[in-house]
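K.L.:
the following block contains a protein sequence and its predicted model.
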Amino acid sequence: MTEGAYKFEIPKHHKSIIKVIGVGGGGSNAVNHMFNQGIRDVEFVVCNTDSQALKSSPVPNKLQIGTNLTSGLGAGANPEKGKDAALESKEEIRDLLGNDTKMVFVTAGMGGGTGTGAAPVIARIAKEMDILTVGIVTSPFSFEGKKKVRQAEEGIRQLKENCDTVLVILNDKLREIHGNLTIGNAFAKADNVLTTGAKGIAEIITVPGQVNVDFEDVKTVMKNAGAAVMGSARTEGDGRALRAAEEALSSPLLNNTDILGAQKILLSIISGEKAELQMDELTEITDYIQERAGDEAEVIFGHGMDESLGEGLSVTVIATGFDQGGYKENAIPHQEARKVYDLDSNKQITLFGNEKEEEKSKPEPKNDPSPFTFEKKNTQESRPQADEERGYSFGFPSKKQEEEPDYVDEENDYADDFTQSLSNDYDIVDKSESQDDIEKKEAERQEMLKRRSIERIEKLKNLNGGHTNTPEAYKQMEVPAYKRKQVKLRDVPHSSEKNISRFNLNDDNQILGNNKFLHDNVD
């Protein structure tokens, strides 16, 4: 080599195409946790309005937004302030995302100020740059207050409008699963779930496998996919394949784990070197996922090896395309209208017939509103003349009446007929009565009820013989009834005599000889 020659080295550093941006306090804490756990070939960024929180983060890439608006003091739990801070720093956000970024994860804790307000703005900027944008957010714990929950719902709605795919993790589910955790452990569990979501998707791309899933496969599944369902599980031992698939789809931490109706499914299966995935296990997993998703779902799967799994097996499922597939949450099942038949009419009822012909023969219903009338029937047609009572029916008009409705000009006619029919059995309360008269009638009614109650008690005493718990009553009860009734008995044999009945036993329990059934009619 000649003197003065220069040696050039091509830099080996390769910028990652995947970025994970933690927005706000909750999102930054989650990214700090991901950074410490490690996700292969992913670039981490923390973005906040709080300069103090940024300084304490171990992540090297930091972006302070809204410097002029917030002066580095945070958004004060105000989503509008967080939104304005992101809009103020939108050029810095564009510069951050412009370095060969193909996919970005926007993670935030919804309900606060910076995360709720700034995350949708960052997602919109990324999507405008044609970057695959995935939102992974948490909803607040219920103990954080109803206002925070409402702000989180609005923030999630705006985030869904600006992301290709959004995964929502419910923090309240953590309490159902793990019980009464400390505050620190509860938020740490939330960070773990966010890490699982981001790592599960990112390492499908970055970790090479025997059946490799590249970035374009993930983009096919997640581009403009709307709501997404993600589940991940790790198992080992007997039946590990089916158990991993079942546990991945039954994760209670995500908003919805039912993949029925999904159009596209990304399936990642990672096994350890000590127990490599077998063909039968792969068949069990794919068949189960296809059965749960439906025959129309397109399943893209990949398989790789991970030394850290040992004899374990990891399954990650990402299902999207529910909006295109007609997925409906809380769908109300269709209920057929009940058929009501008028039993008083002479019209023949057809229980079984050609429904199509009946539908054609039915006239189109009229949209003109018809009044609900009280119709007075002619009693001479339906009852004998000897019956002087007048009958009234309150019914809906028949088909003939619908075609030619009878309108009554004077509204008082309805009131007169209706009052007359009720006056036979019920007392009509006169609205002109004063309050004193009403109170007087109520007092009289209460007095009558009290008097009836006393009379009923006296009748019960008489039915019981009028006995009370007194010595005289007990003494009277000792007297035989025939003496109390003054009944005189004649020719009554003494109880010591044995000839009282012809069906007696002697002292030796033998039947006496005076039984006519045994001795009078001997064959």
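P.N.:
Arrived safely. Worth saying up front: this structure is predicted, and the values here are computed from it rather than measured.

K.L.:
phi, psi of the residue nearest to residue 51 when sequence neighbours are not counted?
P.N.:
In space, and not counting its chain neighbours, residue 51 is closest to residue 72: 3.4 Å by Cβ to Cβ, 6 or more residues apart in numbering. For glycine as for every other residue, the C-beta is placed from the backbone atoms N, C-alpha and C. In terms of degrees, to the nearest 10, the main-chain angles of residue 72 are phi 70, psi 20.

K.L.:
what about residue 72, how many neighbours?
P.N.:
15 (other Cβ atoms under 10 Å).

K.L.:
can you pull out the helices in the stretch 101-250 of the chain?
P.N.:
Listed in chain order, the helices of the stretch 101-250 of the chain (DSSP state H, counting those that start in this stretch) span 114-128, 146-162, 172-178, 183-206, 215-222, 240-249.

K.L.:
and of those helices, who's closest to residue 456?
P.N.:
Closest to residue 456 of the helices of the stretch 101-250 of the chain is helix 146-162 (Cβ to Cβ; 54.9 Å).

K.L.:
the closest one relative to helix 114-128, how many degrees between them?
P.N.:
Angle of helix 146-162 versus helix 114-128, following axes from the mean of the first three to the mean of the last three Cα atoms, to 10 degrees, is 0 degrees.

K.L.:
contacting residues around helix 146-162?
P.N.:
Residues from elsewhere that reach helix 146-162, judged by Cβ atoms under 8 Å, 6 or more residues apart in numbering: 77, 79, 106, 108, 110-112, 115-117, 119-121, 123-124, 127, 133, 135, 137, 139-140, 142, 166, 168, 226-227.

K.L.:
now it: buried residues?
P.N.:
When burial is assessed from 16 or more other Cβ atoms under 10 Å, helix 146-162 yields the following buried residues: 148, 149, 151, 152, 155, 156, 158, 159, 160, 162.

K.L.:
roughly how far does the last one sit from residue 63?
P.N.:
Think residue 162. To residue 63, residue 162 is 18 Å away according to Cβ to Cβ, to the nearest Å.

K.L.:
so how many other residues sit close to residue 290?
P.N.:
By other Cβ under 10 Å, the burial measure for residue 290, its neighbour count, is 14.

K.L.:
shouldn't it be within a helix?
P.N.:
Yes. The assignment for residue 290 by DSSP: H, G, I helix; E, B strand; the rest coil puts it in a helix.

K.L.:
domain assignment for this protein?
P.N.:
Domain ranges of the chain: 15-206, 224-326, per automatic domain parsing.

K.L.:
weakest of the ones you listed in terms of mean pLDDT?
P.N.:
Across the domains of the chain, domain 224-326 has the smallest mean pLDDT, namely a mean of 84.

K.L.:
ok, now which ones touch the spatially closest residue to residue 219 that is not a sequence neighbour?
P.N.:
Residue nearest to residue 219 in three dimensions, not counting chain neighbours: residue 132, with 5.4 Å by Cβ to Cβ, 6+ apart. By Cβ under 8 Å, 6+ apart, the residues touching residue 132 are 102, 103, 104, 164, 218, 219, 222, 223.

K.L.:
quickly list what the third one is bridged to.
P.N.:
The reference is to residue 104. residue 19, residue 133 (DSSP bridges).

K.L.:
wait, it touches residue 19, no?
P.N.:
Yes. Using Cβ atoms under 8 Å, residue 104 is in contact with residue 19, at 4.8 Å.

K.L.:
anything in contact with each of these two?
P.N.:
residue 97.

K.L.:
show me which of these two is the more surrounded one.
P.N.:
Higher neighbour count among residue 104 and residue 19: residue 104, with 27 against 24, using other Cβ under 10 Å.

K.L.:
ok, the more buried one - contacts?
P.N.:
Contact analysis of residue 104 by Cβ under 8 Å, 6+ apart lists 18, 19, 20, 21, 97, 126, 131, 132, 133, 134.

K.L.:
OK, contacts around the last one?
P.N.:
In this case it means residue 134. 103, 104, 105, 106, 163, 164, 165, 166, 167, 201, 222.
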